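J.: Sequence first, then the predicted structure:
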Amino acid sequence: MPPRAPHGRPRKRFGQHFLHDPAVIERIAAAIAPRPGEALVEIGPGRGVLTRRLLESDCGTLDAIEIDRDLAALLHGEWGGDPRFSLHCADALRFDFSELARQRGRPLRVVGNLPYNISTPLLFHLLESIRHIQDLHVMLQREVIARMAARPGDSAYGRLTVMLSPWLDIERLFDVGPGAFHPPPKVWSAVARLTVRAAPAFAVSQAFPGVVAAAFAHRRKTLRNALRGLATPEQIESCGVDPSMRPETVSPALFNAIAGTVKLPSGAG
């Protein structure tokens, strides 16, 4: 039976499911393969089982971001004396990753068993600092990983897929069963490697996020109806896209082409 959290039961409001399976921890560490001089960032280290394994490697620096004050105190007591380790008791959704990269003087390698209840907004927040990130190794709900790696026409293809596509190459590494956690979640998880492209797959239009969000707000609508007020059928057709198509069949590059026809309000972006 896995040990209890230091403050008692894991806190539901933080979506805490603590990883405890040594084989899974080792597989994640092997996938990350830290090297000297690199700047690692661990989001939600929890009880520090992966933290310990990373610090046992020849890593450069490790910044841990933990919102739970009780767990942060535990982590500080365990590794506060290690000059490679820095603890930030903070909300990752509000954390300035770009500033941390500037402080470390190099791109960040982000690692995390991300809470399911904030996984999508956290990925979007990380996109804001994408030019300061080298790669991400994340564990998420298996269905979220499927959405990230989906292709046009797949049932899992959606807003998250399209928004990540210009910036990231996504590789699904392996699945993780509920028994690897305490308490066990009701769903399976998966680990993925997200490698930041040297250059975006295409020059991303300022209107791209708004067009993608509008298109997938009502999945069953055609582009003609979903983008009403943003792009006319004529604008959509000018990009080689049939306005009667549904969003889940349109590639990220074509969404960006449509966005390029949208005139943003003065001062937008």
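T.: Happy to help now that I have it.
J.: the helices in the stretch 51-200 of the chain, which residues?
T.: For the stretch 51-200 of the chain, helices defined by DSSP state H, counting those that start in this stretch occupy the ranges 69-79, 97-104, 119-127, 142-148, 159-164.
J.: then the third one to PDB, C-alphas only?
T.: Coordinates of each C-alpha in helix 119-127 appear next as PDB, following Å, rounded to 0.1, in the frame of the first residue of the first chain:
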ATOM      1  CA  SER A 119      -4.300  20.300 -18.100                       C
ATOM      2  CA  THR A 120      -5.600  22.200 -21.100                       C
ATOM      3  CA  PRO A 121      -5.400  25.700 -19.700                       C
ATOM      4  CA  LEU A 122      -1.900  24.900 -18.400                       C
ATOM      5  CA  LEU A 123      -0.800  23.800 -21.800                       C
ATOM      6  CA  PHE A 124      -2.200  27.000 -23.300                       C
ATOM      7  CA  HIS A 125      -0.400  29.000 -20.600                       C
ATOM      8  CA  LEU A 126       2.900  27.300 -21.500                       C
ATOM      9  CA  LEU A 127       2.300  28.200 -25.200                       C
END
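J.: Identify the residues contacting that helix?
T.: Residues outside helix 119-127 that contact it (C-beta atoms under 8 Å, 6 or more residues apart in numbering) are 43, 92-93, 97, 110, 114-115, 133, 136, 140-141, 144, 148, 160, 163-164, 167. The way it works is simple: take the backbone N, C-alpha and C, and place the C-beta from them, glycine included.
J.: Now list the buried members of those residues.
T.: Buried members of the contacts of helix 119-127, counted by 16 or more other C-beta atoms under 10 Å: 43, 92, 97, 110, 114-115, 133, 136, 140-141, 144, 148, 160, 163-164, 167.
J.: from the residues you listed, which has minimum pLDDT?
T.: Among those, Pro115 carries the weakest pLDDT, at 82.
J.: Am I right that it is in contact with Gly44?
T.: Yes. Counting by C-beta atoms under 8 Å, Pro115 does reach Gly44; the two are 6.3 Å apart.
J.: The residue lying farthest from the centre of the chain: what secondary structure?
T.: Distance from the C-alpha centroid of the chain, by C-alpha atoms, centre = their mean, peaks at Glu234 (35.0 Å). With DSSP: H, G, I helix; E, B strand; the rest coil as the basis, Glu234 sits in helix.
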